[in-house]
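Student: next input, structure requested:
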Amino acid sequence: MALVNMDFNGRTVPEKIAKGRLFITKLTGNIDFPTPNPSLVELIDNTNGLEIAYNASQDGGKSSKQTLKNAEDRLDGQISILGAYIQATSLGNESKILSTGALVRKDSTPLGVLPAPTDVLAKIGDMEGTVDVKWKKVVGAKSYVVEIATDLATANWAYVGASTSAKFTATGLTTGKKYMFRVAALGAAGLSPQSDPAISMAA
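Tutor: Numbering: from 1, shown residues only. This is a model prediction of the structure:
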């Protein structure tokens, strides 16, 4: 199975801006990745925001440098989530991964695969049409992939989102309907096994 390498961490700010634009270009109209997470609009906003902050920081002001760090942290988080989305959606297909502008590396052995997340809990969200999902943090996880089953009887799982922390809020759900969720951790050796499912009604 091919593993996603976003080739982003450790890059300079100008390089991150260029990489962000590459992902945007490659994902626009990409039929294998029809609903990028984060969305292309978010990626465009955060990439442009980092460029603006970088240009403003060139005068050396303390305030502008903090603004730059905040903008860089936002894009770093978005790219990490995007990597989890690409990994989950591509199912490890190398050509599909490469079509996004990401790189690949291969892992021929299961060594290093993370354990499935545990203590997964789903509960009614604070906003209408939402469910809050949380779980115990997995050591070594870069991000988490969350799946949803809208029919409890058939349990047909579908990708619903990714998170860099041990929590996620599913939105756009039907108020009063029950949903089932499961989570996998993404580490250096790819996705972990899926967690046990958790069920909650949407707010």
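
Student: all helices of this structure, in order?
Tutor: Assigned by DSSP state H, the chain shows helices spanning 13-27, 40-56, 62-90, 94-98.

Student: hey, which of these is tucked in deepest?
Tutor: helix 62-90 (a mean of 19; mean count of other CB atoms under 10 Å). The way it works is simple: take the backbone N, C-alpha and C, and place the C-beta from them, glycine included.

Student: in the chain, which residue is closest to the centre?
Tutor: Centroid check for the chain by CA atoms, centre = their mean gives residue 81 as the closest residue, at 2.1 Å.

Student: against residue 22, how distant is that one?
Tutor: Going from residue 81 to residue 22 by CB to CB, to the nearest Å gives 17 Å.

Student: surely residue 155 is in contact with residue 149?
Tutor: Yes - Residue 155 lies in contact with residue 149 (CB atoms under 8 Å); the separation is 4.7 Å.

Student: give me the more crowded residue out of those two.
Tutor: residue 149 (19 against 11; other CB atoms under 10 Å).

Student: so what's the closest residue to that one other than its chain neighbours up against?
Tutor: What sits nearest to residue 149 in space, not counting adjacent residues and going by CB to CB, 6 or more residues apart in numbering, is residue 180, at 4.1 Å. Applying CB atoms under 8 Å, 6 or more residues apart in numbering, we find residue 180 in contact with 122, 148, 149, 152, 155, 197, 198, 199.

Student: just to revisit the earlier point, what's the pLDDT at the nearest residue to the residue nearest to the centre of the chain once chain neighbours are set aside?
Tutor: Excluding the flanking residues, the one nearest residue 81 by CB to CB, 6+ apart is residue 162, at 4.6 Å. On the pLDDT scale, residue 162 is placed at 90.

Student: wait, residue 162 touches residue 147, no?
Tutor: No - applying CB under 8 Å as the test, residue 162 and residue 147 come out as separate, 10.3 Å apart.

Student: filter the contacts of residue 180 to the buried ones?
Tutor: 122, 148, 149, 197, 198 (16 or more other CB atoms under 10 Å).

Student: could you list the domains of this protein?
Tutor: Domain segmentation of the chain under automatic domain parsing yields 2-106, 121-201.

Student: in CSV, list the ones you listed along with distance to residue 113.
Tutor: As requested, the domains of the chain are exported to CSV (distance: least, CB to CB, whole Å):
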stretch, distance to residue 113
domain 2-106, 11
domain 121-201, 5
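
Student: which one of those domains lies closest to residue 112?
Tutor: Of all the domains of the chain, it is domain 121-201 that lies closest to residue 112, at 3.9 Å by CB to CB.

Student: start to end distance for that closest one?
Tutor: With CA to CA, to the nearest Å as the measure, domain 121-201 spans 12 Å from end to end.

Student: what does stretch 138-152 give?
Tutor: End to end - CA to CA - stretch 138-152 spans 26 Å.

Student: now the longest strand belonging to the chain: mean pLDDT?
Tutor: Across the chain, the longest stretch assigned as strand under DSSP state E is strand 178-187. Confidence for strand 178-187, expressed as mean pLDDT, is 94.

Student: can I get it in PDB? Just the C-alpha atoms.
Tutor: Taking C-alpha atoms only, strand 178-187 is exported to PDB below (Å, rounded to 0.1, in the frame of the first residue of the first chain):
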ATOM      1  CA  LYS A 178     -29.200   8.100  14.900                       C
ATOM      2  CA  TYR A 179     -25.700   7.700  13.300                       C
ATOM      3  CA  MET A 180     -22.800   5.400  13.900                       C
ATOM      4  CA  PHE A 181     -19.100   6.500  13.900                       C
ATOM      5  CA  ARG A 182     -15.700   4.900  13.900                       C
ATOM      6  CA  VAL A 183     -12.200   6.200  13.900                       C
ATOM      7  CA  ALA A 184      -8.800   5.200  12.600                       C
ATOM      8  CA  ALA A 185      -5.400   6.700  13.400                       C
ATOM      9  CA  LEU A 186      -3.000   7.800  10.700                       C
ATOM     10  CA  GLY A 187       0.700   7.300  11.500                       C
END
